[in-house]
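> Take this sequence and fold it.
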Amino acid sequence: MVENPLAMPQRNDTRFRLVLFADATLEVTAYDISGASLEFALDAARQLSRHDEVMWALAVVDQESAVEPALLWISGSDYSQTPKTPNQWRHRRDMQDRYLMAKSRRRLPLLLPDGRRSIRMFAEWGRLWGLWESFSESYVLDPSSLGLSAELGDELYAWNDAFNDREVDDPLPSSWRDEGLALYDRLQRELAGVAEVRPEFLL
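Here you go, the predicted structure:
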């Protein structure tokens, strides 16, 4: 519990920055929204993105940064940057999921702005390979449907099987995560130009 949660300077003049990323080129269009609530800013994001037809992200402009104004991302982030941390991947996931959900509603191909598919990688109880494609009819994928090598398919099976071969409350060894990262790198290489792989087992 936080003691004296309001015992600090308070402001209500938040400045939001809404950033839209055009399809394919990811050309940026930005709007500053001042003197508004978070709910208003999120509604503006939905309207200006035509209900998620384009990628968007919303940030608070930190005007009291020690060096220069900084963007504090609250929904999405800079889509042109490759995520390096679990939190950055979560922000990218939010952007991709709402974009692909909008595509699904309009019955359009489930492709990211660069024309690639979005493949999720995470282990799950009762499954074989831990490969998924949200909003698609199949949802659960197998190596052959993605054209993966037999060797990689076998190792993905073994990795997912290690997750299943334990009691629900048993912790996973640290080596399991490391193996997942190595498999993720190989999976992304084999699917280069076809799909962006999201390492959801880290999230």
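> what's the longest helix in this protein?
For the chain, the helix reaching the highest residue count under DSSP state H is reported as helix 86-105.
> Can you tell me what sits against that one?
Helix 86-105 is contacted by residues 51-57, 73, 75-77, 79, 81, 83, 109-113, 118, 134-135, 198-200, 202-203 when judged by CB atoms under 8 Å, 6 or more residues apart in numbering. All C-beta spots, glycine's among them, are computed from the backbone N, C-alpha and C.
> Following it in sequence, what is the next regular element?
Using DSSP states H and E, the helix or strand that directly follows helix 86-105 along the chain is strand 117-121.
> what about the helix or strand just after that next one, average pLDDT?
For strand 117-121, the succeeding helix or strand toward the C-terminus, using DSSP H and E, is strand 131-132. The average of the pLDDT scores along strand 131-132 is 98.
> and if you look at stretch 79-90?
Computed over stretch 79-90, the mean pLDDT rounds to 96.
> What's the separation between the residue nearest to the spatial centre of the chain and Leu6?
For the chain, the residue lying nearest the average C-alpha position, counting by CA atoms, centre = their mean, turns out to be Arg93 (1.4 Å). As judged by CB to CB, to the nearest Å, Arg93 and Leu6 stand 33 Å apart.
> for Trp159, same thing?
Using CB to CB, we find Trp159 at a distance of 47 Å from Leu6.
> the more surrounded of the two?
Set side by side, Trp159 and Leu6 give different neighbour counts by other CB atoms under 10 Å, the larger being at Trp159 (20 against 6).
> close enough to count as contact, the more buried one and Ala182?
No - between Trp159 and Ala182 no contact is recorded; they are 9.3 Å apart, counting by CB atoms under 8 Å.
> which residues are in contact with both of these two?
Joint contacts of Trp159 and Ala182 (CB under 8 Å, 6+ apart) do not exist.
> about what we covered before: can I get the longest helix of the chain in PDB? Just the C-alpha atoms.
Coordinates of each C-alpha in helix 86-105 appear next as PDB, following Å, rounded to 0.1, in the frame of the first residue of the first chain:
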ATOM      1  CA  PRO A  86       9.000  -7.400 -22.500                       C
ATOM      2  CA  ASN A  87       7.200  -4.100 -21.800                       C
ATOM      3  CA  GLN A  88       8.000  -2.800 -25.300                       C
ATOM      4  CA  TRP A  89       6.600  -6.000 -26.800                       C
ATOM      5  CA  ARG A  90       3.400  -5.500 -24.800                       C
ATOM      6  CA  HIS A  91       3.000  -2.000 -26.300                       C
ATOM      7  CA  ARG A  92       3.600  -3.400 -29.800                       C
ATOM      8  CA  ARG A  93       1.200  -6.300 -29.100                       C
ATOM      9  CA  ASP A  94      -1.600  -3.700 -28.200                       C
ATOM     10  CA  MET A  95      -1.000  -1.900 -31.500                       C
ATOM     11  CA  GLN A  96      -0.900  -5.000 -33.600                       C
ATOM     12  CA  ASP A  97      -3.900  -6.600 -32.000                       C
ATOM     13  CA  ARG A  98      -6.300  -3.700 -32.400                       C
ATOM     14  CA  TYR A  99      -5.100  -3.200 -36.000                       C
ATOM     15  CA  LEU A 100      -5.600  -6.900 -36.900                       C
ATOM     16  CA  MET A 101      -8.900  -7.000 -35.100                       C
ATOM     17  CA  ALA A 102     -10.100  -4.100 -37.300                       C
ATOM     18  CA  LYS A 103      -8.900  -6.100 -40.300                       C
ATOM     19  CA  SER A 104     -10.800  -9.100 -39.100                       C
ATOM     20  CA  ARG A 105     -14.000  -7.100 -38.700                       C
END
